[in-house]
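[1] structure, please.
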Amino acid sequence: MNAKEKILVFGGTKGVGRQYVDMAREKLYPASEVLVIARSENLLEDIQSQKESNSIEIKTKSLDISKEHEQEKALEIADEFDPTRVVYFIGGGPFGEFGQKKWSSHDWAYQVNFLFPAKLIHHHLKKNMTTVRQMIFLGSAIAESKADPKSASYSAAKHALLGLMKSVVEEGAFIDLRLFSPGYINTSLMPKADSLRSQGIKVFEPKEVAVELWKWQYEEDQNFHRIFR
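    Residues are numbered from 1 along each chain as shown. Purely as a prediction, here's the structure:
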């Protein structure tokens, strides 16, 4: 990349998000900055322990954005950091029959997969001026457009995120809003990769997904939604 960037990353401590942060170390123009907001202090410390390879600065902040008061702190930090790009990887939810799980588990899934992303988009759109030129959210080609039994709250939140972003884009939002929706990814949150592959289902490695997302963020694209499967 041939320009300085300031990228705000939500959830860049593992999986696709961590691969994205590692790519930022190698690919961003010197003097660029990355701020990673996530819950796990240990994983954030691991990011900080890695030596920067091309003079970019990576900062971290531990926040649990499933909690509303922490969400407000995150918005304040976002304003102070003043990013050019926001990339959101946080997601997940309970696995099991909907009625057998505690409501608090479903509420967590709604908060991190939809309600805070919606708040984040609203926060930046309501400003008269913002340096944020692009916001990218990680969707799910599996859960966002059809039933996903035993992942009902996760699926509902991803359905909602797709509907929100599609609607806001058609309103003519001045920020480049994008939803990147991969298929199955080989992480601890998904079913066993071997069992999926034995059924002929393609399973991506986190780095594959991160590479495609990284390329797409710099491409001119009239379609805000990229399905990768």
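[2] extract the residue ranges of this structure that are flagged as low pLDDT.
    Confidence mapping of the chain against pLDDT under 70 gives the ranges 1-2, 51-54, 188-200.
[3] can you give me the helices in it?
    Ranges of helices in the chain, per DSSP state H, are 15-27, 41-49, 68-81, 103-110, 116-125, 152-170, 193-198, 206-217.
[4] mean neighbour count added to the ones you listed, as CSV?
    Where C-beta positions appear, they are placed from N, C-alpha and C, glycine not excepted. CSV is the format used below for these (neighbours: other CB atoms under 10 Å):
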stretch, mean neighbour count
helix 15-27, 20
helix 41-49, 13
helix 68-81, 15
helix 103-110, 15
helix 116-125, 19
helix 152-170, 19
helix 193-198, 12
helix 206-217, 17
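[5] tell me which of the ones you listed lies nearest to residue 224.
    The minimum distance between residue 224 and the helices of the chain falls on helix 152-170, with 4.7 Å, by CB to CB.
[6] show me what the closest one packs onto, helices and strands only.
    helix 103-110, helix 116-125, strand 176-182, strand 225-228 (3 or more CB pairs under 8 Å, 6 or more residues apart in numbering; DSSP states H and E).
[7] format the ones you listed as JSON lines; extra columns: distance to residue 210.
    Formatted as JSON lines, the helices and strands packed on helix 152-170 follow (distance: least, CB to CB, whole Å):
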{"stretch": "helix 103-110", "distance to residue 210": "23"}
{"stretch": "helix 116-125", "distance to residue 210": "19"}
{"stretch": "strand 176-182", "distance to residue 210": "10"}
{"stretch": "strand 225-228", "distance to residue 210": "11"}
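[8] looking at those, which is closest to residue 94?
    Each of the helices and strands packed on helix 152-170 was scored for nearness to residue 94 using CB to CB, and the closest is helix 103-110 (4.0 Å).
[9] between helix 116-125 and the closest one, find me the angle.
    Between helix 103-110 and helix 116-125, the angle comes out at 40 degrees (axes from the mean of the first three to the mean of the last three CA atoms, to 10 degrees).
[10] so which of the helices and strands packed on helix 152-170 comes closest to residue 72?
    helix 116-125 (9.1 Å).
[11] what angle do that closest one and helix 68-81 make?
    For helix 116-125 against helix 68-81, the angle by the same axes, to 10 degrees is 40 degrees.
[12] what's helix 116-125 packed up against?
    By 3+ CB pairs under 8 Å, 6+ apart, helix 116-125 packs against helix 68-81, strand 85-88, strand 134-138, helix 152-170.
[13] may I have that helix exported as PDB, CA atoms only?
    Extracted in PDB, the C-alpha atoms of helix 116-125 (Å, rounded to 0.1, in the frame of the first residue of the first chain):
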ATOM      1  CA  PHE A 116     -23.000  -3.100  18.300                       C
ATOM      2  CA  PRO A 117     -22.200  -3.300  14.600                       C
ATOM      3  CA  ALA A 118     -25.500  -1.400  13.900                       C
ATOM      4  CA  LYS A 119     -24.500   1.200  16.600                       C
ATOM      5  CA  LEU A 120     -21.000   1.500  15.100                       C
ATOM      6  CA  ILE A 121     -22.400   2.200  11.700                       C
ATOM      7  CA  HIS A 122     -25.000   4.700  13.000                       C
ATOM      8  CA  HIS A 123     -22.400   6.500  15.100                       C
ATOM      9  CA  HIS A 124     -20.200   7.200  12.100                       C
ATOM     10  CA  LEU A 125     -23.000   8.000   9.700                       C
END
